[in-house]
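[1] Sequence unavailable; structure follows:
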């Protein structure tokens, strides 16, 4: 029976007969034997395999076992005399499944830039850094489900194709069945969407929130975790055109309950990943960003500071620092402002609440002052905003007014308004960009390196 290398490194004992399968990371040939490091993706470290000349077809096997080749090895575990490894595998049989030409295989034993690795996205997951990223990503995704499932939330699958713009920003990918070389037109020469697949304009979703609110009105506590899309022509290290969002929605919940859940959620994720992937997190701390473990500790072991937007603006105005972007009540906080509050003022995560109405979405609950809404953002050191959410507007008349004030068509939200007509309740929720979280957690410099197949402007290769 094949054993995973991570299991063998933790639990394997000398004299055990085992079989492993994986890819060759390195090979070192000596006069009478060879050392090969094999990795199967289950751990950062590989398992050293010792091939002696008594191995069947020794010369041919060793010749074919170059970096990148795939292999199955059966043998006996022995105590390793080398430093840094407890056991190694003495090979009795070795089968090469697929060779890798050392002249053309692009991943050799040297450091490659992340820019280069993005050009070979079909192979980059075999590197130490990217494999560590995707193990952390997996552990983080598992922790998300664990957190919500243990709290009795229902996981729901919201639609990827939608007719509404949840954010009101208009940066959406259109979905159509039209032949773009022959798009039907009306007499007024406008696009005749009545002939399209859905009979009206349709788009890839920017958020599952509105549909999550529908389900929360039946199941109380729900969450979405799936892909979302933004047609934002932004070539930065923080933006993707396709990314995953985590969006819980809670009925019978106000802003206070929303903040409590979001704080507990972040603490759980960091704690769980540290417990599940200690080797990978230590790797990031040593090779990528030496504050990764300290950042995780800051999240886990501090009570988040809470203050209003108005209080935050006052602190920024008094700051003995020159900001690139202006600080003024009514303007949105920029990343430099968010990081100043989290890193220099409070030195821990901060939750800012009650933002001006004009800079937030139509669905956020209007405060009694009619100037602010019950919004909240969690700001973290090193990254700024990591979670955004709000108490939702549950009053029909106020929601109708807010939709009109933002220039949206109420007819597009008839079903959303119906939720306020039939059994409306106070409710709240938040959104977390999954890739931004993984980037923050690992210290990786570019968000394109924390998703297996990044989608960005002019980037759709793999």
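    All right, it came through fine. Quantities reported herein were computed from a predicted structural model and do not represent experimental measurements. Residues are numbered from 1 along each chain as shown.
[2] sec struct for the closest residue to residue 102 other than its chain neighbours, please.
    With sequence-adjacent residues excluded and distances taken as C-beta to C-beta, 6 or more residues apart in numbering, residue 102 is closest to residue 66, at 4.5 Å. All C-beta atoms are positioned from the backbone trio N, CA, C, and that covers glycine. Each residue gets one of three states, and residue 66 gets coil by DSSP: H, G, I helix; E, B strand; the rest coil.
[3] wait, residue 66 sits on residue 24?
    Yes - using C-beta atoms under 8 Å as the test, residue 66 is close enough to residue 24 to be in contact (6.6 Å).
[4] Between these two, tell me which one has more neighbours.
    Taking other C-beta atoms under 10 Å, residue 66 and residue 24 do not tie; residue 24 has more neighbours (22 against 19).
[5] list the residues that contact both of residue 66 and residue 24?
    residue 100 (C-beta atoms under 8 Å, 6 or more residues apart in numbering).
[6] for residue 115, phi and psi?
    Here is the backbone geometry of residue 115 (degrees, to the nearest 10): phi -60, psi -40.
[7] what's the answer for the one 3 residues further on, then?
    Note on residue 118: backbone dihedrals following degrees, to the nearest 10 are phi -70, psi -20.
[8] Let me see the contact set for the closest residue in space to it that isn't next to it in sequence.
    Distances taken as C-beta to C-beta, 6+ apart place residue 448 nearest to residue 118, at 6.2 Å, with adjacent residues excluded. With contact set as C-beta under 8 Å, 6+ apart, residue 448 has these partners: 118, 237, 240, 454, 456, 459.
[9] Please read off the pLDDT at residue 448 from the model.
    pLDDT recorded at residue 448 is 96.
[10] buried subset of the contacts of residue 448?
    Neighbour counting with 16 or more other C-beta atoms under 10 Å marks 118, 240, 454, 456, 459 as buried within these.
[11] which one among the residues you listed gets closest to residue 369?
    residue 240 (36.3 Å; C-beta to C-beta).
[12] So that closest one versus residue 44, what's the distance?
    25 Å (C-beta to C-beta, to the nearest Å).
[13] what does residue 138 give?
    Distance, residue 138 to residue 44, by C-beta to C-beta: 14 Å.
[14] more neighbours, those two?
    residue 44 (18 against 14).
[15] The spatially closest residue to residue 404 that is not a sequence neighbour and residue 375: what is the separation?
    Here the nearest residue to residue 404 in space, its sequence neighbours aside, is residue 410; by C-beta to C-beta, 6+ apart that works out to 6.7 Å. Separation of residue 410 from residue 375 (C-beta to C-beta) stands at 22 Å.
[16] Next: residue 22.
    For residue 22, the distance to residue 375 - C-beta to C-beta - is 48 Å.
[17] which sections of the stretch 101-250 of the chain are below the confidence cut-off?
    Scanning the stretch 101-250 of the chain for pLDDT under 70 picks out 165-170.
[18] At which residues are the strands of it located?
    Assigned by DSSP state E, counting those that start in this stretch, the stretch 101-250 of the chain shows strands spanning 154-155, 161-162, 174-175, 202-204, 221-229, 242-251.
[19] Deepest-packed of these, please.
    Mean neighbour count (mean count of other C-beta atoms under 10 Å) peaks for strand 242-251 among those, with a mean of 23.
[20] Which element is encountered next along the chain beyond that one?
    Later in the chain than strand 242-251, the nearest helix or strand by DSSP states H and E is helix 255-276.
[21] Quick check: buried residues in stretch 388-403?
    For stretch 388-403, by 16+ other C-beta under 10 Å, it's 388-394, 399-400, 402-403.
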